[in-house]
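> here is the input, now give the coordinates:
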Amino acid sequence: MSPIGIEYVNKQSFALTPSVGDGTLVIKFSGNADMTAMATLSAYLKAVHTEALKLRMQEVTFDLRELYFMNSSCFKSFVTWIEAASQIKDYTAYRIKFLANSQLHWQRRSLEALRCLASHVVTVET
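Numbers count the residues shown, from 1 in each chain. Next comes the predicted model:
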């Protein structure tokens, strides 16, 4: 187990690299989040939520600039997680930031939908 309680994940075409600094938990994505990544991503997002609460993170940042594809099932995992995270109303609440690749049009549309889901918590940067 890494010092932050969540591990690096490297599947066939999908990788997640966690790091932490200055009150922010950062998860860097690379590859393709296709159907084979769905179960891994869903479990990972639950672990991210638990770790963010445990460490009292101010922000969780998802760096998607090297994520070239995400299918709808993986996207739904984010919807479920954001809904849970946005319900936190006490001192353990954290913000969610997505770092997007402006060259990938699917990210612009999809991440804007996530931002609209919980605009009080979610931001998107390109």
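> excluding chain neighbours, what is closest to residue 74?
In space, and not counting its chain neighbours, residue 74 is closest to residue 33: 4.2 Å by C-beta to C-beta, 6 or more residues apart in numbering. Backbone N, C-alpha and C define where each C-beta goes, glycine included.
> and the one you found, how far is that from residue 71?
7 Å (C-beta to C-beta, to the nearest Å).
> neighbour count: those two, which is higher?
A direct count of neighbours by other C-beta atoms under 10 Å for residue 33 and residue 71 places residue 33 higher, at 26 against 14.
> the more buried one reaches residue 66, doesn't it?
No - with contact defined as C-beta atoms under 8 Å, residue 33 does not count as touching residue 66 (11.4 Å).
> what average pLDDT does the longest strand seen in the chain get?
Looking across the chain with DSSP state E, the single longest strand is strand 59-70. Mean per-residue pLDDT for strand 59-70: 97.
> who touches that strand?
Contacts with strand 59-70, where a contact means C-beta atoms under 8 Å, 6 or more residues apart in numbering, come from 23-34, 48, 52, 85, 94-101, 104, 106-107, 110-111.
> ditto for stretch 112-120
For stretch 112-120, the external contacting residues (C-beta under 8 Å, 6+ apart) are 78-79, 82-83, 85-86, 96, 98, 122-124.
> just the CA coordinates for that stretch, please, in CSV.
Extracted in CSV, the C-alpha atoms of stretch 112-120 (Å, rounded to 0.1, in the frame of the first residue of the first chain):
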residue,chain,number,x,y,z
GLU,A,112,-19.0,19.9,-18.8
ALA,A,113,-21.9,17.5,-18.0
LEU,A,114,-20.1,16.4,-14.8
ARG,A,115,-19.6,20.0,-13.8
CYS,A,116,-23.3,20.8,-14.3
LEU,A,117,-24.2,17.8,-12.1
ALA,A,118,-22.6,19.5,-9.1
SER,A,119,-21.3,22.9,-10.1
HIS,A,120,-20.9,23.9,-6.4
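> that stretch: which residues count as buried?
Neighbour counts using 16 or more other C-beta atoms under 10 Å place 114-115, 118 of stretch 112-120 among the buried residues.
> what about that stretch, distance to the chain center?
In terms of C-alpha atoms, centre = their mean, to the nearest Å, the centre of stretch 112-120 is found 13 Å from the chain centre.
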